[in-house]
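Novice: Predicted model and sequence below, questions to follow.
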Amino acid sequence: MLLKHFHIRDFQSIRDSNPAEVGDITCLVGKNEAGKTALLKALYRLNPIAKGDDKFDVTDDYPRARVTEYEQEIRSGKRTYTVVTEATLALEDEELKPIEEHFGTGVLPGAEVMLTRTYENKTHFAVKADETIAGETLLARANLAEALKQENLAWKSLKELASVLEKLAQGQQEKFNEAYAASAIADPDEKMKAFAARIRFTRRSCARSAVWSMAKPNAGKPQRRFVVHRLY
């Protein structure tokens, strides 16, 4: 990934750097103690080489003129932890390719990732994704697109798609139960219908699992990979 933009707040001598663009060559110009080194330190702590170098310390790093007030506001719950470093990184072709292979071409319109790190020493990331492309790709892989059209089930987000597939699966479960109950009859054609219903229910259950893996990431953990379940 390539660094494109960064923004530093409330770190040592820096109150607010304002967003800064990064090119092939970027030059920092300023007087002594203006904050040039502080900018680089804050960026480094977002993804350091040495383990343990990523820690922000409020006592040492927060601007001293306001550190006491900040600590009191944090303890009282009047404010959240300050985002010290915010960086936008562009995905390179070799990084974007496997994502698009799984979720569809154009699933990440900007091909960018935003990373942030706070005084709580937690790193978060965010991406802008086209959920329509991702959902349609999953449905096509599971051969479920036509089934949703036949049931007239619409969706606009992955969360809605998960609910739609849940509803579809419930309907198939009911049909499966009916077919299973009817399988005791001797007619071979009726037994074949029961078997076909069971296969359709299994396929929809697998697709539903794949969509939930995208719509419900692990809470509280930085998600650095896309999770995909193989669809059968």
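Specialist: Perfect, thanks for sending it. Numbering: from 1, shown residues only.

Novice: max-length strand in this protein?
Specialist: strand 2-11 (DSSP state E).

Novice: C-terminal to it, what's the next element?
Specialist: strand 14-16 (DSSP states H and E).

Novice: Mind listing what's buried along that following strand?
Specialist: Within strand 14-16, the residues scored as buried using 16 or more other C-beta atoms under 10 Å are Ile14. Bear in mind the C-beta positions are built from the backbone N, C-alpha and C, glycine included.

Novice: For that strand, which strands pair with it and how are they oriented?
Specialist: Sheet pairing of strand 14-16 (DSSP bridges) gives strand 2-11 (antiparallel).

Novice: I'd like the mean pLDDT over the partner strand, please.
Specialist: Strand 2-11 comes out with an average pLDDT of 94.

Novice: Now do it: distance to the chain's middle.
Specialist: Relative to the centre of its chain, strand 2-11 is centred 20 Å away, using C-alpha atoms, centre = their mean, to the nearest Å.

Novice: Just the buried positions in that strand, please.
Specialist: So strand 2-11, judged by 16+ other C-beta under 10 Å, has buried residues 3-4, 6-11.

Novice: ok, which pair from those is furthest apart?
Specialist: Pairwise distances across the buried residues of strand 2-11 (C-beta to C-beta) peak at 22.4 Å, for the pair Lys4 and Asp10.

Novice: Kindly provide the distance from Asp54 to Thr137.
Specialist: 35 Å (C-beta to C-beta, to the nearest Å).

Novice: Please identify which of the two sits among more neighbours.
Specialist: Using other C-beta atoms under 10 Å, the more surrounded residue of Asp54 and Thr137 is Thr137, with 18 against 15.

Novice: Name the helix or strand for the more buried one, please.
Specialist: Here Thr137 is assigned to helix 131-141, by DSSP H and E.

Novice: Correct me if wrong, but Arg117 is in a strand.
Specialist: Yes. With DSSP: H, G, I helix; E, B strand; the rest coil as the criterion, Arg117 is part of a strand.

Novice: Let's see the pLDDT reported for it.
Specialist: For Arg117, pLDDT reads 95.

Novice: do you know how far it is from Asn32?
Specialist: Distance, Arg117 to Asn32, by C-beta to C-beta: 27 Å.

Novice: the more surrounded of the two?
Specialist: Taking neighbours as other C-beta under 10 Å, Arg117 and Asn32 compare with Arg117 leading, 24 against 6.

Novice: pretty sure that one contacts Asp54?
Specialist: Yes. Counting by C-beta atoms under 8 Å, Arg117 does reach Asp54; the two are 7.3 Å apart.

Novice: what residues do those two have in common as contacts?
Specialist: Common contact partners of Arg117 and Asp54 (C-beta atoms under 8 Å, 6 or more residues apart in numbering): 45-46, 123.

Novice: want to throw those into JSON lines with distance to Pro109?
Specialist: Shown next, in JSON lines, are the shared contacts of Arg117 and Asp54 (distance: C-beta to C-beta, whole Å):
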{"residue": "Arg45", "distance to Pro109": "29"}
{"residue": "Leu46", "distance to Pro109": "24"}
{"residue": "Thr123", "distance to Pro109": "23"}
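
Novice: Among the residues you listed, which are located in strands?
Specialist: Here DSSP E is the test, and those give Thr123 as lying in strands.
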